[in-house]
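Participant: sequence below, structure please.
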Amino acid sequence: MSIITPWGLTAGQDISASKILATLQFNHYAFTLHNTGDSLWIVANWPTGQRMAFRAAFAVNDDFEIVTLSNNGSSLEIQLRTRLGHYKVSLLFPDLEEHMFRYTTIFTPSADIMIPYWPRDIMPLTKEGDVLNTSATIHMHQVGTRSGALYFSTTKPRYGSVFYFQNLTDISAFCEATETSLSETVGGNWPELGFQIPCAVKKPLPGGKEYIISDAFVLLSEEIPETATAITQGYLNALSVVYKALPKPEPVYHDWLNTVRRGLHDLCNNKGCWTHSKGVSYLNAYVCDYQTPAELMVQLAVLLPLTEYLEWEGEKNIVSEELRRGLPAFYDDKINTMVRWLPTLVDRLDRSEEQKKEMVMDSWYLHHPLMNLCRLALKKDALAEELLMKSIDYAIKIAHHFNYDWPVFYRMDTLEVIKKETVPGHRGETDVPGSYAHLMLQVWKLTGDKKYFTEAKNAFKKLDSCGFDIFYQANNTAFAAGALLEMFKETKDEFYLNLSYCCIAGVFKNAHIWDCNYGNAVHYPNFFAIFPLNNAPYTAAYEELEVYAAFHHYLLIAGDVDILPSVRMLLSEFMKYALSRLAYYYPSLLPKDIISDIVKTGEVNPNLWMPLEDLQDGWLKSGIVGQEVYGAGLAFGIVPRQYHKVKGEAFFIFSDYPILKFNNHKGKPISVRLGGDAALTCNVRILLKGTPKEIFKAFIGKDELQPKQANKEFINYQVPGNATVTIAHALLKD
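Facilitator: Residues are numbered from 1 along each chain as shown. Predicted structure coming up:
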């Protein structure tokens, strides 16, 4: 049964009774403009004759008076007036090749006003006017402070789909003035959908100043996706179309080379990072958390990226050796596997949470450390390989016991299910089949034993038809995407490629593709952040690092695969903005007064180069959860992937898009093959620190590039994605 407000119930009749103020034709769609007194509507007319209305402005207890109307046939602007203020609405079509329109509304209140209610801005229209006799399938909508996106298909009558994206960045000034949040503002219940301005409960909207109260991008389609594959690919393709037209902040270069040195110093020297047992040092999960026993996942979450960095640097470090020395103590020879909690300190568990009990395993926690052990084993680490192979049969035993459908928590010794579902009526950790399959593929590469390959195939079957519901935890879902792509390359079965897109869609459904420029968030960029869980209220450092690493891997192995252009573009853009903003998890870069005084676990040291776990909505302080020692690998993971050394030279090549190929032969120009999409740009930077006097020239084909910035420290070029940049250099003659 549909539930509808009075503003929705009468909308269709009001529009039918109103005069058409203007008409625009764009591709196969016609658009008409209507003033129904308290609302200004844009009505989109499908080629089939079906219609849907978009409320561009609401008069708030008054009727609109039209001041001016300008219509040039391809865009329009209308100015309206009420007793409460002035409105300016524009309608335009950002992409001539897509069925997309954009409407932006600016409101200038005449006095300070409280806004107690605002209707949503999408309504279906029927010839009979009975919207209660219509229906639709809502594929996704905004959750919390994720992107202001909504994707739905009409089912009664059946005539098409709509992808709606509210540019929440532009609404930030409204929220700053009224102390409101943009959480849960895009969604609704059929037949009333769309954006709803957050209603002020603390402060009135000040009069005499312009505020953008809507900036909506709407992509129309005559297609109705029926399968999980069609829905998720439709979402990715629609998101990429809107993304290209979306105003985006300029990414800012962060010096990760300096950050990695600071982080390594603090990891080595700060006692709050460490605990000890039987003469061996182990990392705490959080700074100064001495109450919780050491965790296997934490040790490996730092050891793996640290190993990658030390290989890149060509150095050794005592921390990596100490972490390796502690790994065997996590092996339990009673159940023949590595365990989560250090057995010698397990009596410290306070049993305050389900997983903080001896022998209770969170399903993904079993596979994650084994994946990292395998990554180390593939780097010829004999100890890692030994511990992995002693544990892998247990992991297979658990998979078979649960028939590749893992619960949330179970006992490792008895296999008793402690918590079956994340939410009653839903499955457990839905992406764990993907992380398990990823582990099995890694072990297959390590050993060549086909049984692990078969295990991966069996696990992947559990992901079929999950669609957006594959996503449980961002990093595991992202790693599953890469494993599925690898399986596709081995089998040529598009079932796996399509499932990889479902994983990626699930991650981007949980993205924050807007800049929260209100409250505390004005002090740090957050455009294109990723939330760690479906219902997480904050973004998290460690999970974002692993998503970044997983997507970097995905693009590298996709070099010879004709993947969706939308996927190639969105993954590259995520990485570009991740490099610009991930550094702001370090409290050293934040004002101290926006860091929480109350910390759930351990302590926060604002001067320590360890990342906070959490960056919150703008009205909350960050660092509430704690300061992650297991996030210490943030810079270790980034530097080897983005900074490319030049043989025999002191300078580096950096790109904020992934570098898919880097050719560097002595005496020849450097060749850099970039990811991304040619419609968007990235930065390629030559870092000159300590370099003798040289002359550099950069080319795409035969066209020489002109630097966007140049000084004694660096030369920066802004170049299109999906390009090959050639860099020639020669010593200057005195």
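
Participant: A698 should be in a strand, yeah?
Facilitator: Yes: when DSSP: H, G, I helix; E, B strand; the rest coil is applied, A698 is found to be in a strand.

Participant: what bridges to it?
Facilitator: Taking DSSP bridges, one finds I727 as the beta-bridge partners of A698.

Participant: repeat that for the one 5 residues further on.
Facilitator: Beta-bridge partners of D703, counted by DSSP bridges, are I700.

Participant: how many neighbours does it have?
Facilitator: Close neighbours of D703, defined as other Cβ atoms under 10 Å, add up to 8. Just so you know, the C-beta spots here come from the backbone N, C-alpha and C atoms, and that holds for glycine as well.

Participant: next one: it from V719, what distance?
Facilitator: D703 sits 10 Å away from V719, taking Cβ to Cβ, to the nearest Å as the criterion.

Participant: do I have it right that F714 meets L688?
Facilitator: Yes: using Cβ atoms under 8 Å, F714 makes contact with L688 at a distance of 5.8 Å.

Participant: what separates the closest residue in space to T154 that isn't next to it in sequence from V260, distance-wise?
Facilitator: Take T154 and drop its neighbours on the chain: the residue closest to it by Cβ to Cβ, 6 or more residues apart in numbering is A136, 5.0 Å away. Separation of A136 from V260 (Cβ to Cβ): 49 Å.

Participant: out of those two, which sits in the more crowded spot?
Facilitator: V260 (25 against 18).

Participant: need the per-residue pLDDT for the residue nearest to T154.
Facilitator: Looking at A136, its pLDDT reads 97.

Participant: what helix or strand is it located in?
Facilitator: strand 135-141 (DSSP states H and E).

Participant: follow the chain on from that strand and name the next helix or strand.
Facilitator: Trace forward from strand 135-141 with DSSP H and E and the next one is strand 148-156.

Participant: buried stuff in the helix or strand just after that following strand?
Facilitator: Next along the chain after strand 148-156, taking DSSP H and E as the criterion, comes strand 161-166. Neighbour-count burial for strand 161-166, counted by 16 or more other Cβ atoms under 10 Å, picks out S161, V162, F163, Y164, F165, Q166.

Participant: any idea how far strand 161-166 is from the chain center?
Facilitator: 19 Å (Cα atoms, centre = their mean, to the nearest Å).

Participant: need the contact partners of the next helix or strand after it.
Facilitator: Downstream of strand 161-166, the first helix or strand assigned by DSSP H and E is helix 172-178. Contacts to helix 172-178, defined as Cβ atoms under 8 Å, 6 or more residues apart in numbering, come from residues 115, 180-182, 197-198, 200, 202-206, 209, 211-213, 515-519, 522, 618.

Participant: count the neighbours of the residue nearest to H553 when sequence neighbours are not counted for me.
Facilitator: Leaving aside its chain neighbours, H553 sits nearest to G482 (5.0 Å; criterion: Cβ to Cβ, 6+ apart). Neighbourhood size, G482 [other Cβ under 10 Å]: 25.

Participant: can I get the buried residues of strand 161-166 in CSV with distance to L40?
Facilitator: Putting the buried residues of strand 161-166 into CSV (distance: Cβ to Cβ, whole Å) gives the following:
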residue, distance to L40
S161, 25
V162, 19
F163, 22
Y164, 17
F165, 20
Q166, 17
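
Participant: which pair in those spans the largest distance?
Facilitator: Across these, the longest distance by Cβ to Cβ is 17.2 Å; it joins S161 and Q166.

Participant: show me where the stretch 1-150 of the chain has strands.
Facilitator: For the stretch 1-150 of the chain, the strands defined by DSSP state E, counting those that start in this stretch occupy 20-26, 29-35, 39-45, 51-58, 65-71, 76-82, 85-92, 100-109, 122-125, 135-141, 148-156.

Participant: looking at those strands, which is nearest to T414?
Facilitator: strand 135-141 (38.6 Å).

Participant: other SSEs contacting the closest one?
Facilitator: Applying 3 or more Cβ pairs under 8 Å, 6 or more residues apart in numbering; DSSP states H and E, we find strand 135-141 packed against strand 148-156, strand 186-189, helix 228-245.

Participant: mind listing what's buried along that strand?
Facilitator: A136, H139, M140, H141.

Participant: which non-adjacent residue is nearest the second one?
Facilitator: Right, the one you point to is H139. Y151 (4.4 Å).

Participant: I'd say that neighbour and V242 touch.
Facilitator: No: using Cβ under 8 Å, Y151 makes no contact with V242, being 10.7 Å away.

Participant: which residues are common contacts for these two?
Facilitator: F163.

Participant: next one: the lengthiest helix in the chain to chain centre, how far?
Facilitator: In the chain, with assignment by DSSP state H, the single longest helix is helix 382-401. Averaged C-alpha coordinates place helix 382-401 at 31 Å from its chain's average position (Cα atoms, centre = their mean).
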